[in-house]
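Peer 1: using only what follows, build the 3D model:
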Amino acid sequence: MQCHRHAVCMLHVALSVDADSTRCVQANVDVCCDPPDNGFGCDYTGLPGGRFNETSGALADVIPFTHVGGWPGDPTWMVVGAVVPWEVAVKTGDVAFAMEHYATAKALVDFMTRHVDPLLGLVTWGYYGDWLALEAVDRPQVTGWSHILAVARLCDLARLAQHHTDVAEYTALLARLK
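Peer 2: Sure, this is the predicted structure:
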């Protein structure tokens, strides 16, 4: 599969990799919308400043990132970084898997928290909103809930890992968001 977003994969150019390579490597940079583009996966409407100035902890909509969807991904798609480790632990008892992905879940929650709307205190940016709704749903209602879900699952993971400092910090954050 080739990179589809640009005629020449900008990641490959930046890394001096053959643009016709069959893989696109992950990169923790805002590469999808350079220049900004309100196309699929790149609508930054609602993002304070209209642009990400850093993406540490973010996940892409599609992994591995091949310029399909956005980087950072929509909050409702990124939330899987915190939900899946918890659900695997609950459903299978595989605590090791959950702990292996704890740092990813924490970094994701921290990324989302750094990018809240300062007036509302919620994640209001996102690309897709509720694409299954029969009636229009305001995007912040969907993305704000996704942030709350990510924090709740991180609280669960922190309790499971007995990271007491994180339990206290993220439980307080969850209370503020609710």
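Peer 1: flag the shaky bits of this structure, pLDDT-wise.
Peer 2: Of all residues in the chain, those with pLDDT under 70 make up the ranges 1-51, 65-69.
Peer 1: would you list every one of the helices in it?
Peer 2: For the chain, helices defined by DSSP state H occupy the ranges 10-14, 75-78, 80-92, 95-100, 102-114, 139-161, 164-177.
Peer 1: and the longest one, what does it pack against?
Peer 2: In other words, helix 139-161. With contacts taken as 3 or more C-beta pairs under 8 Å, 6 or more residues apart in numbering; DSSP states H and E, helix 139-161 sits against helix 75-78, helix 80-92, helix 95-100, helix 102-114, helix 164-177. Yep, even glycine has a C-beta here, placed from its N, CA and C like the rest.
Peer 1: of those helices, which is nearest Val142?
Peer 2: With C-beta to C-beta as the criterion, Val142 lies closest to helix 75-78 of these, at 5.9 Å.
Peer 1: got the CA positions of that closest one in PDB?
Peer 2: Once non-C-alpha atoms are left out, helix 75-78 reads as follows in PDB (Å, rounded to 0.1, in the frame of the first residue of the first chain):
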ATOM      1  CA  PRO A  75     -10.600  12.000  19.700                       C
ATOM      2  CA  THR A  76     -13.400   9.400  19.300                       C
ATOM      3  CA  TRP A  77     -11.100   7.200  17.300                       C
ATOM      4  CA  MET A  78      -8.000   7.800  19.500                       C
END
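Peer 1: what's in contact with it?
Peer 2: Residues outside helix 75-78 that contact it (C-beta atoms under 8 Å, 6 or more residues apart in numbering): 58-59, 61, 69, 72, 108, 112, 123, 125-126, 128, 142-143, 146-147, 150.
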